[in-house]
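Chemist: Predicted model and sequence follow; I will ask about them next.
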Amino acid sequence: MTSSQLHIDLSAISDNYRTLHSLTRQTTKTAAAVKADGYGLGMEAVSGALYQAGCATFFTAQIQEAISLRAAFRDKGYDGANIAVLEGPHTKDLALYEAHKLTPVINHPGQAEALAAYQRRSGKRLAAILHIDTGMNRLGYGQDTHDLLIGDNSPLAELNLCLVMSHLACADEPENEYNRFQLEQFQNLTASFASIPKSFSNSGGIFLPPSYHFDLTRPGIALYGAMPDPAMQNKHLKPVVSWYADIIQIRNLKKGECAGYGAMFTAEAPTRLATIAAGYADGYARALYQPQKGGIAKVEIAGKHVPLAGRVSMDLLIADVTSLSDAELQSANKACLLGPHYGLPEMAADRNTISYEVLTGLGDRLTRLYDGAYAS
């Protein structure tokens, strides 16, 4: 085991899924976004827990993620899962979609034409999801191709559409009028697809009025215990991840001695420092140490909060443990870097970023340990 570990509570993820589902309309189903390796927490373990909690539809970003997830589900006998790929298909990959029973998201006319041609050649019809852009201008049939959404000559008429979706740009701002604009766009543009289920809401959208929920929601970050905007943090969402790292050395400094790259920390009195086995290569950002603000990030050792002391380096960080007694230090062999004392939204805010970036930036060399009822 490495000297830096993530403890991931799969029961909390499942509880968050059930909480989010309870907030939607009675007829609405709830999917899960598990892209980017389950937001950095391990796609296979996270998806397995969600499947056991009742989730039947999973969204990945890329086809290789989807193929890996399908293989994991087959190994566990989870045959009822639908797996969709948000980037949509390249022509060369369409046979893989068929072989692995994956659902492509059709984002533009070229993808629709390629899938229609594949079906004509193979004689097989794949379920597909139509993505209509309603104002985010990123993926989906945009303003310049909205006229191609209908018509007997459209390749879409040949496709077996199982869902029509769009994506909210400002769901983390409930009062933003752009939400209403996008909703009206979605309602108008999907009128000709009345018999096909609709999906519009991401994590933030679930907290908007029920008119945004439609037939399927697609939460992501909220499953993992955070919200797009910390101000939206729901008291019913449970924290999912804690990060621990080994304390590998204790050092005593005299007044005036320095520590860390650039000698940014100077002891103003006799000081005791702990060197901890984690750094920016693990996803612990350099921005979490700002000497003019007293270090910013809080590390927990022996139940007490202690500040950083010196720049975060690639593999190590330093904490000022002068406030701890000899007995407390002797009993402590690990530091908690992320947990109840210093949660995901707080770390994200101190980095001037969002919880998504914190989670997906957690390094591969961190050992991921799964806790809770769904841990295998």
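Modeler: Okay, I see it.

Chemist: rest of the way, CA atoms for contacts and neighbours
Modeler: OK.

Chemist: Where does the prediction get shaky in this structure?
Modeler: For the chain, applying pLDDT under 70 flags the ranges 1, 228-234, 294-295, 376.

Chemist: Nearest residue to the residue nearest the centre of the chain in space, ignoring adjacent ones along the chain?
Modeler: Central residue of the chain (Cα atoms, centre = their mean): Tyr39, 3.3 Å from the mean position. Closest residue in space to Tyr39, ignoring its immediate chain neighbours: Thr360 at 5.1 Å, by Cα to Cα, 6 or more residues apart in numbering.

Chemist: contacting residues around the one you found?
Modeler: Ala36, Asp37, Tyr39, Gly40, Leu41 (Cα atoms under 8 Å, 6 or more residues apart in numbering).

Chemist: cutoff 10 Å now
Modeler: Each residue near Thr360 by Cα atoms under 10 Å, 6 or more residues apart in numbering is listed here: Lys35, Ala36, Asp37, Gly38, Tyr39, Gly40, Leu41, Gly283.

Chemist: So which of those residues sit within strands?
Modeler: The strands, defined by DSSP state E, take in nothing from the contacts of Thr360.

Chemist: Most neighbours among these, which one?
Modeler: The most crowded member of the contacts of Thr360, judged by other Cα atoms under 10 Å, is Leu41 (26 neighbours).

Chemist: So that one is in contact with Leu362, correct?
Modeler: Yes - assessed by Cα atoms under 10 Å, Leu41 is found in contact with Leu362 at 8.3 Å.

Chemist: Quickly list what's touching both of these two.
Modeler: In contact with both Leu41 and Leu362: Leu6, using Cα under 10 Å, 6+ apart.

Chemist: per the record, what domains does this structure have?
Modeler: 10-231, 241-342 (automatic domain parsing).

Chemist: Output those in CSV, with distance to Asn352 appended to each entry.
Modeler: Shown next, in CSV, are the domains of the chain (distance: least, Cα to Cα, whole Å):
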stretch, distance to Asn352
domain 10-231, 12
domain 241-342, 8
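
Chemist: Of those, which is nearest Tyr356?
Modeler: domain 10-231 (6.6 Å; Cα to Cα).

Chemist: circling back: ok, the residue nearest to the centre of the chain to Tyr374 distance?
Modeler: 18 Å (Cα to Cα, to the nearest Å).

Chemist: what do you get for Tyr284?
Modeler: For Tyr284 relative to Tyr374 (Cα to Cα), the value is 28 Å.

Chemist: In terms of neighbours, single out the busier of these two.
Modeler: Taking other Cα under 10 Å, Tyr284 and Tyr374 do not tie; Tyr284 has more neighbours (24 against 19).

Chemist: Skipping its backbone neighbours, what lies nearest that one in space?
Modeler: Ala278 (7.0 Å).

Chemist: hang on, that neighbour is in a helix, isn't it?
Modeler: No - with DSSP: H, G, I helix; E, B strand; the rest coil as the criterion, Ala278 is located in coil rather than a helix.

Chemist: That one reaches Leu366, doesn't it?
Modeler: Yes - between Ala278 and Leu366 there is a contact under Cα under 10 Å: 9.0 Å.

Chemist: and for those two, which residues touch both?
Modeler: Ser3, Ser4, Gln5, Trp243, Tyr244, Ala245.

Chemist: Near Tyr97, how many other residues are there?
Modeler: Using other Cα under 10 Å: Tyr97 sits among 20 other residues.

Chemist: residues touching it, list them.
Modeler: Contacts for Tyr97 (Cα under 10 Å, 6+ apart) come out as Ile63, Ala66, Ile67, Ile83, Ala84, Val85, Pro89, Thr103, Pro104, Leu126, Ala127.

Chemist: OK, contacts around the residue nearest to the centre of the chain?
Modeler: Contacts of Tyr39 (Cα under 10 Å, 6+ apart): 33, 46, 220-221, 223-224, 355-362.

Chemist: Now the buried members of the residues you listed.
Modeler: Buried members of the contacts of Tyr39, scored by 16 or more other Cα atoms under 10 Å, are 33, 46, 220-221, 223-224, 355-356, 358-362.

Chemist: So what does Leu208 look like in phi/psi?
Modeler: phi -90, psi 170 (degrees, to the nearest 10).

Chemist: returning to that earlier point: looking at Ala278 and Leu366, which has the bigger crowd around it?
Modeler: The residue with more neighbours, out of Ala278 and Leu366, is Ala278; 28 against 20, by other Cα under 10 Å.

Chemist: Could you measure from the residue nearest to Ala297 when sequence neighbours are not counted over to Arg311?
Modeler: The spatially closest residue to Ala297, leaving aside those adjacent along the chain, is Leu288, at 5.5 Å (Cα to Cα, 6+ apart). Noted for Leu288: a distance of 9 Å to Arg311, by Cα to Cα.
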